[in-house]
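[1] Sequence and predicted model, in that order:
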Amino acid sequence: MARMNIGLCIALVGSAWLAACATASHETLFRAEEVELFRARQQASIVCATAAACDDAWTRTRTYVAGHSATRIVQADDAVIQTAFPHAFGFVYLAASKDPDGEGGAAIRLKAMCRGMYDSDGNAGLLYSTCAKSVISVEAGFRAWLEKRSD
């Protein structure tokens with residue numbers, strides 16, 4: 001009986017150790033993805049200097065949004081382009097905004113979101129890693145796509 005108790009104790013300690021390692025590894029991965037998301041968000045904007053350049057960039061932004069969202073565009077005007085909230089989890093939807101600078105130029109920003117990325121309490125959701133990869137891909141590619149298209 002004593003051998004069973006020792007074996008059980010070793011198994012429990014081993015399981016706790018593995019769980020702690022898995023939690024630490026998960027936390028490290030989460031932090032790394034958060035840094036990548038931050039960088040991608042910084043890259044998901046452009047500044048245009050003239051009204052003509054901004055109109056062209058805004059038209060191309062709409063094309064980018066339509067091509068990279070899992071859902072259709074539900075609002076598109078001179079200041080906002082927004083796609084529908086997806087019914088299913090794990091799908092990217094987008095919003096873009098154009099903020100005029102008062103001198104003919106504007107800042108255009110893209111924000112990618114993913115249903116299921118975060119829980120209602122703001123912590124990482126079950127699909128966090130999958131969503132983060134998708135959001136990073138869409139946001140990180142935005143500026144390069146606009147710049148490539150404008151050449």
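    Okay, I see it.

[2] Can I get stretch 114-124 in CSV, CA atoms only?
    This file holds the C-alpha atoms of stretch 114-124, laid out as CSV (Å, rounded to 0.1, in the frame of the first residue of the first chain):
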residue,chain,number,x,y,z
CYS,A,114,-11.0,37.9,-34.8
ARG,A,115,-14.0,36.5,-33.0
GLY,A,116,-12.8,34.2,-30.2
MET,A,117,-9.4,35.8,-29.8
TYR,A,118,-10.3,37.2,-26.4
ASP,A,119,-12.7,36.1,-23.7
SER,A,120,-15.3,38.4,-22.4
ASP,A,121,-13.0,39.3,-19.5
GLY,A,122,-10.3,40.4,-21.9
ASN,A,123,-8.0,37.4,-21.4
ALA,A,124,-6.8,35.2,-24.3
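
[3] Give me the pLDDT value at the residue positioned nearest the centre of the chain.
    Residue closest to the average C-alpha location in the chain (CA atoms, centre = their mean): Val135, at 2.9 Å. On pLDDT, Val135 comes in at 95.

[4] contacting residues around it?
    Taking CB atoms under 8 Å, 6 or more residues apart in numbering, we find Val135 in contact with 37, 40, 92, 112-114, 117. No exception for glycine: its C-beta is placed from N, CA and C like everyone else's.

[5] With just CA atoms, put the helix or strand encompassing it into PDB.
    Using DSSP states H and E, Val135 sits within helix 128-150. Only the C-alpha atoms of helix 128-150 are listed here, as PDB (Å, rounded to 0.1, in the frame of the first residue of the first chain):
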ATOM      1  CA  TYR A 128      -6.100  33.300 -29.400                       C
ATOM      2  CA  SER A 129      -3.100  31.800 -31.200                       C
ATOM      3  CA  THR A 130      -5.000  31.000 -34.400                       C
ATOM      4  CA  CYS A 131      -6.600  34.500 -34.400                       C
ATOM      5  CA  ALA A 132      -3.300  36.300 -33.600                       C
ATOM      6  CA  LYS A 133      -1.600  34.700 -36.500                       C
ATOM      7  CA  SER A 134      -4.400  35.700 -38.900                       C
ATOM      8  CA  VAL A 135      -4.600  39.300 -37.500                       C
ATOM      9  CA  ILE A 136      -0.800  39.700 -37.700                       C
ATOM     10  CA  SER A 137      -0.800  38.500 -41.300                       C
ATOM     11  CA  VAL A 138      -3.600  40.900 -42.400                       C
ATOM     12  CA  GLU A 139      -2.300  44.000 -40.500                       C
ATOM     13  CA  ALA A 140       1.400  43.400 -41.300                       C
ATOM     14  CA  GLY A 141       0.600  43.100 -45.000                       C
ATOM     15  CA  PHE A 142      -1.600  46.300 -45.300                       C
ATOM     16  CA  ARG A 143       1.100  49.000 -45.700                       C
ATOM     17  CA  ALA A 144       3.300  46.900 -48.000                       C
ATOM     18  CA  TRP A 145       0.200  46.100 -50.100                       C
ATOM     19  CA  LEU A 146      -0.700  49.800 -50.400                       C
ATOM     20  CA  GLU A 147       2.900  50.800 -51.200                       C
ATOM     21  CA  LYS A 148       3.300  48.100 -53.800                       C
ATOM     22  CA  ARG A 149       0.100  49.000 -55.500                       C
ATOM     23  CA  SER A 150       1.000  52.700 -55.600                       C
END
